[in-house]
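In: based on what follows, work out the 3D shape:
(chains A and B)
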There are 2 protein chains.
Amino acid sequence: MNEVLKKIISDTQQSFMDDPELAKEIFESASSQKDGLYSEVLIRDHALGVDEPEKLGGADKGPNPVELVLAALGTCQEITYRAYATALDIPLDHVSVKLEGHIDLRGFFGVDDSVRPGYSAIKGTVHIVSSADAETIETLRGAVNAHCPVLDIITKPVQVDLEVDLKAP
Amino acid sequence: MNEVLKKIISDTQQSFMDDPELAKEIFESASSQKDGLYSEVLIRDHALGVDEPEKLGGADKGPNPVELVLAALGTCQEITYRAYATALDIPLDHVSVKLEGHIDLRGFFGVDDSVRPGYSAIKGTVHIVSSADAETIETLRGAVNAHCPVLDIITKPVQVDLEVDLKAP
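Out: Numbering: from 1, shown residues only, chains lettered A, B, ... in the order given. Purely as a prediction, here's the structure:
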């Protein structure tokens, strides 16, 4: 597995160096609200159900959107640890991530517009099993945090443009 | 449904006004890399599989983390439209969201460190079916975009603190 992944990484890096246009990718999602607050999402051929817990007005048929943000960050860290450990020849037996997102729901509920609706902070731990020493893992951590896409999306502003398409019933 | 949701919203707003401490919530996720780049996530009792497409080194057993970010944003918009339409008595027959995230993968692959690893831009359309006029929907859109948690998380910086816990095999 690691030799295969290592070759994919080095081949991809080379192709992007040769032609930067190949690195420009568009990811997509389509979601639709079905019943109450429950939505179905289709990402390529992967389906996903999203809902709110009952105390927030949903039927709890899936994780909620801010929980999905934590799932995205945790798994992006894991993938980026695996990719950079492989590329840098650092042993990595296992990686797992636990996260907590702190939110003040007065923001979402419009109770106090000085309170942001999103997370005020995200904290967590990356659990690593490795025979490498602490200094090597610190090097790996630096490479991961400099290149993890979802960490970048959450910690730095992304331009979002949403149009509205209104149709009569 | 709408009367039930409307009462949950107004009761929740009142309780947060009475005691702001009640509005402080912590959401959590736990993920673990299983095989290759594939990870399993547990959010409360909801399980989720995350992977990369084959051309990015995965086995395509689920959406990837940056696609999950789009799913989080689309469903958060839908929930926030439903909540604010209900609270503001604006008819909303249906809401669905299509999104595209533009990314330059030279960032993730470390080919050019002047390229950010996350999305350079997210664009999309909120499809609304409603008997309300365009001006009313514009008012709704303003309320939604001011209070949508995931839109806030993506467009404004969030503080993220990740510790590393290293264990030997």
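In: for the residue nearest to the spatial centre of chain A, which three-state class applies?
Out: Averaging the C-alpha coordinates of chain A gives a centre point, and the residue nearest to it by C-alpha atoms, centre = their mean is residue A:72 (2.4 Å). The assignment at residue A:72 comes out as helix when based on DSSP: H, G, I helix; E, B strand; the rest coil.
In: so what's it closest to, chain neighbours aside?
Out: On the basis of C-beta to C-beta, 6 or more residues apart in numbering or on different chains, the spatially nearest residue to residue A:72 that is not a chain neighbour turns out to be residue B:68, at 3.9 Å. C-beta coordinates here come from the backbone N, C-alpha and C atoms, glycine included.
In: now residue A:38
Out: Taking C-beta to C-beta, 6+ apart, and ignoring the residues beside it in sequence, residue A:38 has residue A:51 as its nearest neighbour in space, at 4.5 Å.
In: contacts only, for that neighbour.
Out: For residue A:51, the contacting residues are A:36, A:37, A:38, A:39, A:58, A:59, A:60, A:61, A:62, A:63, A:64, by C-beta atoms under 8 Å, 6 or more residues apart in numbering or on different chains.
In: narrow these to those that are buried.
Out: When neighbours are counted using 16 or more other C-beta atoms under 10 Å in any protein chain shown, those contain these buried positions: A:36, A:37, A:38, A:39, A:58, A:60, A:61, A:62, A:63, A:64.
In: can you lay out the contacts of residue A:51 as CSV showing pLDDT?
Out: Shown next, in CSV, are the contacts of residue A:51 (pLDDT from 0 to 100):
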residue, pLDDT
A:36, 94
A:37, 97
A:38, 98
A:39, 98
A:58, 95
A:59, 96
A:60, 98
A:61, 98
A:62, 98
A:63, 98
A:64, 98
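In: in strands only, show me those.
Out: When the contacts of residue A:51 are checked against strands (DSSP state E), the matches are A:38, A:39.
In: and the contacts of residue A:51, which two are furthest apart?
Out: Farthest-apart pair in the contacts of residue A:51 is A:36 and A:63; separation 15.4 Å (C-beta to C-beta).
In: with adjacent residues omitted, what lies nearest to residue A:43?
Out: With C-beta to C-beta, 6+ apart as the measure, residue B:63 is the residue that lies nearest to residue A:43, at 4.1 Å, once sequence neighbours are left out.
In: by contact count, what packs against the helix or strand containing residue A:13?
Out: Taking DSSP states H and E as the criterion, residue A:13 maps to helix A:2-18. Helices and strands touching helix A:2-18, by 3 or more C-beta pairs under 8 Å, 6 or more residues apart in numbering or on different chains; DSSP states H and E, are helix A:65-87.
In: against which helices or strands is the helix or strand following the helix it packs on packed?
Out: Moving toward the C-terminus from helix A:65-87, the first helix or strand encountered (DSSP H and E) is strand A:94-104. The contact analysis (3+ C-beta pairs under 8 Å, 6+ apart) places strand A:94-104 against helix A:65-87, strand A:119-129, strand B:24-35.
In: and the first one with strand A:119-129, angle?
Out: Our comparison of helix A:65-87 with strand A:119-129, counting by axes from the mean of the first three to the mean of the last three C-alpha atoms, to 10 degrees, yields an angle of 40 degrees.
In: how far out from the middle of the chain is helix A:65-87?
Out: Using C-alpha atoms, centre = their mean, to the nearest Å, we find the averaged C-alpha position of helix A:65-87 to lie 6 Å away from the chain's own average C-alpha position.
In: would you turn the helices and strands packed on strand A:94-104 into JSON lines with distance to residue B:84 and mean pLDDT?
Out: Converted to JSON lines, these look like this (distance: least, C-beta to C-beta, whole Å; pLDDT from 0 to 100):
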{"stretch": "helix A:65-87", "distance to residue B:84": "15", "mean pLDDT": "98"}
{"stretch": "strand A:119-129", "distance to residue B:84": "20", "mean pLDDT": "98"}
{"stretch": "strand B:24-35", "distance to residue B:84": "19", "mean pLDDT": "98"}
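In: in stretch A:15-35, what's buried?
Out: For stretch A:15-35, the buried set under the neighbour-count rule, 16+ other C-beta under 10 Å, comprises A:16, A:23, A:27, A:29, A:30, A:31, A:32, A:33.
In: need the max-distance pair from those.
Out: The largest distance within those, taken as C-beta to C-beta, falls between A:16 and A:33 and amounts to 37.9 Å.
In: wait, residue A:123 sits on residue A:102?
Out: Yes. At 7.3 Å, residue A:123 counts as touching residue A:102 under the criterion of C-beta atoms under 8 Å.
In: hmm, back to that, so for residue B:108, which of the helices and strands packed on strand A:94-104 sits nearest?
Out: Relative to residue B:108, the nearest member of those by C-beta to C-beta is helix A:65-87, separated by 7.5 Å.
In: so that closest one versus strand A:24-35, what angle?
Out: Computed by the same axes, to 10 degrees, the angle separating helix A:65-87 from strand A:24-35 equals 150 degrees.
In: relative to residue B:110, which of the buried ones among the contacts of residue A:51 is nearest.
Out: Comparing every one of the buried ones among the contacts of residue A:51 with residue B:110 (C-beta to C-beta), the shortest separation belongs to residue A:63, at 30.8 Å.
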